[in-house]
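Undergrad: Compute the structure for the input listed below.
(chains A and B)
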Amino acid sequence: VGAAVLGVTVVLGLLSFSGVAGAAAHKGTPPKVAKHVIPPSHPPYLQFNSGTADSSQRLFGKNGQLLSYGNKWVTYYLPQMLVTGDWCKAKSAKSCTPDLLISLGHQLYQQNCEACHGVHANGVSSQINGYVAYPSLLGLGPATYDFWIESGRMPAASTPLTQPMRRPARLDHLQALALSAYLTNLPGSSATPYIPKVANLAGANLSDGAALFAMNCAACHTITGDGDALAYSTFAPSLRDIPATQVAEALRTGPANMPVFSGNLTDGQLRDVVAYVTEKIQHPQNPGGLGLGGIGPVAEGFVGLALGVGLLALVGFWIGDRS
Amino acid sequence: VSDHQAGADGARREPTRTPVPLPTTASWSDPHFQPAAQHPEFVERLIALLFVAGLGSFCAFGAAYWQNWAPWALGLCFGAGLFLVGTGITAWGKYLMPRGPFVEERHVLQSATEDVDAFTNALVERGGTPMKRRKVLGGLLGAGMGVFSITALFPLLRSLGPLPGNTLATTDWKPGTYLVDQMGKRISIYAYAVGSYVTVFPEGWQDKDRGQAVDQTMLVHLQADGPIEGMPAGRSTWTPSGYVAYSKICTHAGCPVGLYERELELLICPCHQSMFKLAEGAIPIFGPAPRPLPQLPLAVDEDGYLFAQAGYNQPVGPGYWERP
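TA: This is a model prediction of the structure:
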C-alpha cells in the first residue's frame, strides 16, 4: 500500500510539473504612455465630494476665504465657523472677531506646544524610534489639529516614545478651535481638510457602512473595533467612545500611522462608516450575553476550553460516579 | 501487601494464603466463559457471515466508485462494510474470547518457584482449548480489510480534482490592464491623497472569484511625486507619481496583507505579522514571509489613469513545489 501511495504521488507530481513549464506570454496592445502628465483643466475623473474642497456646497467669506465646503452628507468648517455665539457675547462686541480667536490660539500655542514644535510650528528635527519626534505642524489642515487636541493626545505631557494615547482632553473645545484657527492661519499653512461635521447620522446606510468598515478598517482595528497591535510598538486604538466628529477627522486626515481616506471615500460613504462606528461598533450587541471584550478567537477559545471542557469534564465525573 | 513484606527480623515470610490458580483445564461450560459460547460453531458461522457481508460491501463500494454511482450508494456500501466488519470483530471478542471476571488473591510480587511452574503449566494447557486459532475468520477479516485499504486509495486517483497547471504562476494582470477599484472604477492619479491606499483589481476581474482571490493588489500613494528612494534597481519606472502596487497575498501563507502603516511605510500581514517595506520593493523585514511581495509595474496613460506595464514580477502567494 505504501508503495502504491508513493507511486501515485510521484505520478501526480510529474503531471503537475509538466503543466507549469514556461511563463505565459502576455498579449495585447498597451495604452499609450504619457510623457508629461498634465491634469486636464476639467478633470472629470476626480472624485468630488470626497473630503477635498471640490464639493458641491462652498461658502466663501468677504475676503474670498473658503469658510466651509461640503454637501448634504458632511460639511467641513474652518474652526472660526464652529465657535458658538455664547463665547462671542462674553467679550466686548468690538473685539469679537476671528482675530481674537487666533490671538487666543497663539497664547495657547506658546503655553502648550512651542517647546516641542518650535516657535514657527515648523517642527524640530529629532528622531525617536524612527519617528520625527516633533513634526512640523504647517499645512496639515484644521481637522488634524482638532483631532489631536480633542482626543487628548496633544499637548503631550512628555515626548511620546511610541504612540500618543487617547486621554481626557487637556484643552477644552473652544481652546482646541482657537489653536486650530491659529495654526491654520500661520503663513503658508492654509490647507484642507477642514473640521468635518456629519449631518443626519440617522439617515446613513448602516449596511454599506459595515461593508466599508470590514474592507478598510477591520484589518487594523479588528472587526469589533477594539484595536490591535501593529509594528514597532504602534497599535490601532480601540474605536469605543470616540465622537462622530473625531471618527470623521481621523478618516480624512490619517493620524500617525493610519492611512488617509481621501479620494477613495466619498462623503456619503464617510457618513455610512461614521454611523456604523458610532451606532454599531460603539454599541455592540452580544446575543450570547458575554462579549468577552470582543478581542477575538484567542480569548473566546480560552474561555470555551476552560469553561466548556471543564464543564464537560465535571459532567463526565458525575456520570462516572453514578455508574 | 504489608502482610507479605519482610518481617522485622529480615527473614522472608511465606505468603499466608496460596493463590488459587486458574483452572488448568478450561472447558466451555466453565462459568469464566461467555454462556453464549456454549455453541461456538454456531457463533463462528454467524461471525463469518458478518465478515463475508462486509467483504461484499467493500467490493460493492469499489464497483460503485468505478461505475460512478450516486453518492448515497457509495456511502451506503462503505458504511455497511465498516459496520458489518466492526460488528464481526466485536462479536469475536465478546463471544469467542475468554471473559472474566477472574478473581485472584493478591500475593507477594515474586511468586514462589512452584507457583511460577504451576502458572506456566496452567497457561500452556489452558491455551489449548479456548484460544485456538481461527484461520477462516482471520482470513476473511484480512481479505475485507485488504479490499478496504485498496478502496481507500481511490480518492488519490480521481477525486482530487483537476491539476492546477500553471494557474498558480500567473494572474490576470497583463500589459495594459487598467487598475480598477472594487466598484470597477478606474484609478486616476489625481484622485487619491498621499498616504491613502485602495485595493485594486485588473479591469473586468473585480467581481469575479478568481480576480478577487489571486489578482487583488494593494495600491498605495506613497509620496507626491518623484522616484522612490530605496526601490530595487530597474524599477524606477514602475512607480509613477509615487504610486506603488504590490500583491495583497502574503508570500508566507496567502493571507491578505491589508495593514498599511503610513508613517512607518510598512505593509503588515494580519496572520503572522510579516512586515514588508513599501519603499524598498516590499522586502520582508520581520515575520515568516520568505520573499518580497510581487510588485506590479505601473504606468499612467494620457488621461491620468493607472494601468499595468506588465504582470507581476513573480508568482503571487506562498511557495509551492513547482514554483518557477
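Undergrad: all strands for chain B, in order.
TA: B:179-180, B:197-202, B:217-221, B:243-247, B:259-261, B:266-268, B:275-277, B:283-286, B:298-300, B:306-308 (DSSP state E).
Undergrad: can you redo the ones you listed as TSV with mean pLDDT?
TA: Shown next, in TSV, are those (pLDDT from 0 to 100):
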stretch	mean pLDDT
strand B:179-180	94
strand B:197-202	93
strand B:217-221	94
strand B:243-247	95
strand B:259-261	92
strand B:266-268	93
strand B:275-277	95
strand B:283-286	94
strand B:298-300	93
strand B:306-308	94
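Undergrad: Just send those strands back as TSV, with distance to A:Phe261 too.
TA: C-beta: built from backbone N, CA, C; applies to glycine. Converted to TSV, the strands of chain B look like this (distance: least, C-beta to C-beta, whole Å):
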stretch	distance to A:Phe261
strand B:179-180	18
strand B:197-202	9
strand B:217-221	12
strand B:243-247	16
strand B:259-261	11
strand B:266-268	17
strand B:275-277	21
strand B:283-286	26
strand B:298-300	21
strand B:306-308	19
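Undergrad: want to throw these into JSON lines with distance to chain A and mean neighbour count?
TA: Formatted as JSON lines, those follow (distance: least, C-beta to the nearest C-beta, whole Å; neighbours: other C-beta atoms under 10 Å in any protein chain shown):
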{"stretch": "strand B:179-180", "distance to chain A": "12", "mean neighbour count": "24"}
{"stretch": "strand B:197-202", "distance to chain A": "5", "mean neighbour count": "23"}
{"stretch": "strand B:217-221", "distance to chain A": "8", "mean neighbour count": "24"}
{"stretch": "strand B:243-247", "distance to chain A": "12", "mean neighbour count": "25"}
{"stretch": "strand B:259-261", "distance to chain A": "4", "mean neighbour count": "22"}
{"stretch": "strand B:266-268", "distance to chain A": "5", "mean neighbour count": "25"}
{"stretch": "strand B:275-277", "distance to chain A": "5", "mean neighbour count": "22"}
{"stretch": "strand B:283-286", "distance to chain A": "7", "mean neighbour count": "16"}
{"stretch": "strand B:298-300", "distance to chain A": "5", "mean neighbour count": "21"}
{"stretch": "strand B:306-308", "distance to chain A": "6", "mean neighbour count": "24"}
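Undergrad: Single out the residue in the stretch 1-150 of chain B that lies closest to chain A.
TA: Taking C-beta to the nearest C-beta, chain A has its nearest neighbour within the stretch 1-150 of chain B at B:Ser149, 5.4 Å off.
Undergrad: All the strands of the stretch 51-200 of chain A, residue numbers only.
TA: Along the stretch 51-200 of chain A, the stretches classed as strands by DSSP state E, counting those that start in this stretch are A:57-60, A:66-70, A:74-77, A:124-128, A:131-134, A:195-198.
Undergrad: burial measure for the nearest residue to B:Ile283 once chain neighbours are set aside, as a count.
TA: Leaving aside its chain neighbours, B:Ile283 sits nearest to B:Pro292 (4.7 Å; criterion: C-beta to C-beta, 6 or more residues apart in numbering or on different chains). B:Pro292: 19 surrounding residues under other C-beta atoms under 10 Å in any protein chain shown.
Undergrad: What of the one 3 residues further on?
TA: Using other C-beta under 10 Å, B:Gln295 has 21 other residues around it.
Undergrad: do B:Gly75 as well
TA: Residues lying near B:Gly75 (other C-beta under 10 Å) number 12.
Undergrad: B:Pro290 now?
TA: 11.
Undergrad: That one and A:Tyr232: what is the separation?
TA: Separation of B:Pro290 from A:Tyr232 (C-beta to C-beta, to the nearest Å): 21 Å.
Undergrad: if I read this right, B:Val198 contacts A:Ser262, doesn't it?
TA: No: between B:Val198 and A:Ser262 there is no contact under C-beta atoms under 8 Å: 11.2 Å.
Undergrad: Quickly list what's touching both of these two.
TA: B:Tyr192 (C-beta atoms under 8 Å, 6 or more residues apart in numbering or on different chains).
Undergrad: Looking at the strands of the stretch 51-200 of chain A, spot the one closest to chain B.
TA: Per C-beta to the nearest C-beta, nearest to chain B of the strands of the stretch 51-200 of chain A: strand A:131-134, 6.9 Å.
Undergrad: Remind me what the closest one packs against, helices and strands.
TA: When contacts are defined as 3 or more C-beta pairs under 8 Å, 6 or more residues apart in numbering or on different chains; DSSP states H and E, strand A:131-134 sits against helix A:114-117, strand A:124-128.
Undergrad: Recalculate using a threshold of 6 Å.
TA: Helices and strands touching strand A:131-134, as assessed by 3 or more C-beta pairs under 6 Å, 6 or more residues apart in numbering or on different chains; DSSP states H and E, comprise strand A:124-128.
Undergrad: ok, and what's touching the strand it packs on?
TA: A:Gly118, A:Ala133, A:Tyr134 (C-beta atoms under 6 Å, 6 or more residues apart in numbering or on different chains).
Undergrad: pLDDT wise, what is the closest residue to the last one other than its chain neighbours at?
TA: Looking back up the chat, that one is A:Tyr134. In this structure, A:Tyr134 finds its nearest non-sequential neighbour in A:Val124, 4.0 Å apart by C-beta to C-beta, 6+ apart. pLDDT, A:Val124: 80.
Undergrad: Just give the number of residues close to B:Glu229.
TA: B:Glu229 sits with 8 neighbouring residues when counted by other C-beta under 10 Å.
Undergrad: how much space between it and B:Leu278?
TA: 12 Å.
Undergrad: same check, this time on A:Ala244
TA: According to C-beta to C-beta, A:Ala244 and B:Leu278 sit 31 Å apart.
Undergrad: of those two, who's got more company?
TA: Set A:Ala244 next to B:Leu278 and count neighbours by other C-beta under 10 Å: B:Leu278 wins out with 24 against 18.
Undergrad: For B:Leu222, see how far away the more buried one is.
TA: To B:Leu222, B:Leu278 is 6 Å away according to C-beta to C-beta.
Undergrad: Can you check which residues contact both of the two?
TA: Common neighbours of B:Leu278 and B:Leu222, using C-beta under 6 Å, 6+ apart, are B:Val244.
Undergrad: what pairs with the closest residue to B:Tyr305 other than its chain neighbours across the strands?
TA: Leaving aside its chain neighbours, B:Tyr305 sits nearest to B:Arg186 (4.8 Å; criterion: C-beta to C-beta, 6+ apart). Note on B:Arg186: beta-bridge partners B:Val180, judged by DSSP bridges.
Undergrad: so what's B:Arg186 up against?
TA: By C-beta under 6 Å, 6+ apart, the contact set of B:Arg186 is B:Tyr178, B:Val180, B:Tyr305.
Undergrad: If we use 7 Å, what do you get?
TA: By C-beta atoms under 7 Å, 6 or more residues apart in numbering or on different chains, the contact list for B:Arg186 reads B:Tyr178, B:Leu179, B:Val180, B:Tyr305.
Undergrad: ok, back up a step: the residue nearest to B:Ile283 touches B:Leu278, doesn't it?
TA: No: using C-beta atoms under 7 Å, B:Pro292 makes no contact with B:Leu278, being 10.7 Å away.
Undergrad: Show me what from the stretch 101-250 of chain A comes close to chain B.
TA: A:Tyr131, A:Ala219, A:Cys220, A:Leu230, A:Ala231, A:Tyr232, A:Thr234 (C-beta under 7 Å from any C-beta of the partner chain).
Undergrad: burial of the fifth one, as a residue count?
TA: Here the count is done by other C-beta under 10 Å, and A:Ala231 has 18 residues near it.
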